[in-house]
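Enquirer: Dropping a prediction and its sequence here:
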There are 2 protein chains.
Amino acid sequence: MMAELTPLAISVLALLNERPMHAYEMYQVLLTRQDTRIVKVRPGSLYHTVERLAGQQLIRATGTERSGNRPERTTYEITCEGDEALRRRVQTGIESYVYEYPLFPVVLAESHNLDEQDALLRFRRRVADLDNWLAELSDALATAQEQVPELYWMAGDYLRTQLACERDWLATTIERIETKDLPWQPRNM
Amino acid sequence: MMAELTPLAISVLALLNERPMHAYEMYQVLLTRQDTRIVKVRPGSLYHTVERLAGQQLIRATGTERSGNRPERTTYEITCEGDEALRRRVQTGIESYVYEYPLFPVVLAESHNLDEQDALLRFRRRVADLDNWLAELSDALATAQEQVPELYWMAGDYLRTQLACERDWLATTIERIETKDLPWQPRNM
DNA sequence: GAAGTAATACTCCACATGGAATATTTCGCG
DNA sequence: CGCGAAATATTCCATGTGGAGTATTACTTC
């Protein structure tokens, strides 16, 4: 069984679905397009991912070129299997919800290790932090809105609603703690 | 610099903060308490995490016991540094939002690789899947409500609002695609 | 009481990640 | 024209994860 395509592998295949590229070019395009807000891209993982995809025949080296006196680089193109794999991964990634064990629920579940005032302080700081992220994201979306069709910034729109939702839940929870509607009674105190 | 505590490391420290335990006992407690819904727990990672924490002096072996003729197991207890590290990790984990690059935004961003009807099909299936998760979670929360104070199931409550929020965003987006308010115009078609 | 199955208690390893380091080349500036 | 900084294009490796495997003991059922 071939393992599931990782997020970075999806991005690589999607890039090569547009046109052939070499690894460093992918890196640049991902950076300039701000895709690094959505996929984690490190040089090490990128090169490793490209090699892995090549080993799986999902992409194929088309030759090594060189411009000027720079080191030669290998250009890759997507294969038919690669295109199919990309499509299938996008389909399954959308159609089924898979829990990815984010950190926040874990620290929330262990927040009873803090005393009430400390917890409230941290919660309020998170609200402030979320507000910053929301402002930044709204800015980015306003800019994107003028440049590309909405279809291409759905992810940003999704993220904004999720952040706003978390912010609201936090605000409500803080108030419920303050009004003792949600009493803070750790066992070990 | 010591690396940040992983989610599983947080859980291990939190358990040992209650009482000393050996690794397999932690495994059982995490399973029976349903904590595996929130932290990813595999035998391999658990034992490795315990050894790592011991190496970092955040926990300490108190001796090896044996019950019956079973293999002996090492019992661990939390150290002062461990307790401090736990508290700090919970504090920072709450007070600052850190993006963790979930899969869904990535596949959303690449959903233009599917045609309109296919995408709509997958979106609708996700809504159905989310409804299942929501029903299950609501059940679990109703049960928890009767057994432990709300402080101990905040994570579940948080998760429910996030899931509901995603569901609503999806429903809206599906409708916007259907009514052409959000036109589906991939470049390569 | 034999045989199968579940629980106990780990161990091992392949693999993806991500931080850091490296070497060369081109560009900007005085 | 020379020097430093930035861009180019990778490689390397320590680390955490997670799937699978293993060996022993206890429990159950015929």
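Expert: Ah, there it is.
Enquirer: hmm, which helix or strand of chain A has the shakiest average pLDDT?
Expert: Ranked by mean pLDDT, DSSP states H and E, the weakest helix or strand in chain A is strand A:59-65, scoring a mean of 84.
Enquirer: who does that strand pair up with?
Expert: strand A:73-78 (antiparallel) (DSSP bridges).
Enquirer: How far away from the center of its chain is the strand it pairs with?
Expert: On the basis of CA atoms, centre = their mean, to the nearest Å, strand A:73-78 sits 25 Å off its chain's mean C-alpha point.
Enquirer: And DNA strand C, is it touching that?
Expert: No: applying CB under 7 Å from any atom of the strand, one finds strand A:73-78 separated from DNA strand C by no less than 12.0 Å. C-beta here means a position set from N, CA and C on the backbone, and glycine is covered the same way.
Enquirer: burial measure for A:Glu116, as a count.
Expert: A:Glu116 has 17 neighbours, counted by other CB atoms under 10 Å in any protein chain shown.
Enquirer: cool, A:Thr49 as well?
Expert: 23.
Enquirer: need the contact list for A:Tyr24.
Expert: Counting by CB atoms under 8 Å, 6 or more residues apart in numbering or on different chains, A:Tyr24 touches A:Arg73.
Enquirer: helix or strand for it, which one?
Expert: Applying DSSP states H and E as the criterion places A:Tyr24 in helix A:23-32.
Enquirer: Just the element for the nearest residue to A:Trp153 once chain neighbours are set aside, please.
Expert: Take A:Trp153 and drop its neighbours on the chain: the residue closest to it by CB to CB, 6 or more residues apart in numbering or on different chains is A:Ala144, 4.5 Å away. Applying DSSP H and E as the criterion places A:Ala144 in helix A:116-147.
Enquirer: Dump the least confident helix or strand of chain A to CSV, keeping only the CA atoms.
Expert: In CSV, the C-alpha atoms belonging to strand A:59-65 read as follows (Å, rounded to 0.1, in the frame of the first residue of the first chain):
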residue,chain,number,x,y,z
ILE,A,59,6.5,12.8,-11.1
ARG,A,60,9.3,12.2,-13.5
ALA,A,61,12.6,14.0,-14.2
THR,A,62,12.7,15.5,-17.7
GLY,A,63,16.3,16.4,-17.7
THR,A,64,18.9,18.7,-16.1
GLU,A,65,19.3,22.2,-17.3
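Enquirer: how much space between the most centrally placed residue in chain A and B:Ala109?
Expert: Nearest to the geometric centre of chain A sits A:Ile38, at 3.2 Å (CA atoms, centre = their mean). A:Ile38 sits 6 Å away from B:Ala109, going by CB to CB, to the nearest Å.
Enquirer: So for these two, which residues contact both of them?
Expert: A:Ala155.
Enquirer: which residues does the residue nearest to A:Trp153 contact?
Expert: Contacts of A:Ala144 (CB under 8 Å, 6+ apart): A:152-153, A:156.
Enquirer: shouldn't A:Ile174 be in contact with A:Arg126?
Expert: No: counting by CB atoms under 8 Å, A:Ile174 stays clear of A:Arg126, with 9.5 Å between them.
Enquirer: More neighbours: the two, which one.
Expert: A:Arg126 (21 against 17).
Enquirer: Make sure A:Leu8 is indeed in a strand.
Expert: No: with DSSP: H, G, I helix; E, B strand; the rest coil as the criterion, A:Leu8 is located in helix rather than a strand.
Enquirer: quick revisit: name the nearest residue to the residue nearest to the centre of chain A, ignoring sequence neighbours.
Expert: B:Pro105 (4.9 Å).
Enquirer: does that neighbour sit in a helix, a strand or a coil?
Expert: helix.
Enquirer: And it, how far from DNA strand D?
Expert: Per CB to the nearest atom of the strand, to the nearest Å, B:Pro105 is found 19 Å from DNA strand D.
Enquirer: again, but for A:Asn132
Expert: Taken as CB to the nearest atom of the strand, the span from A:Asn132 to DNA strand D is 26 Å.
Enquirer: what about chain A, any weak spots by pLDDT?
Expert: By pLDDT under 70, the weakly predicted segments of chain A are A:1, A:65-72, A:187-189.
Enquirer: Pop the domain breakdown of it in here.
Expert: According to automatic domain parsing, chain A is divided into the following domains: A:7-95, A:103-178.
Enquirer: Is any residue of the last one near DNA strand C?
Expert: No: using CB under 7 Å from any atom of the strand, domain A:103-178 stays clear of DNA strand C, coming no nearer than 12.5 Å.
Enquirer: before we move on, the earlier item: what about the contacts of A:Ala144, which are in helices?
Expert: Using DSSP state H, the members of the contacts of A:Ala144 that fall in helices are A:Gly156.
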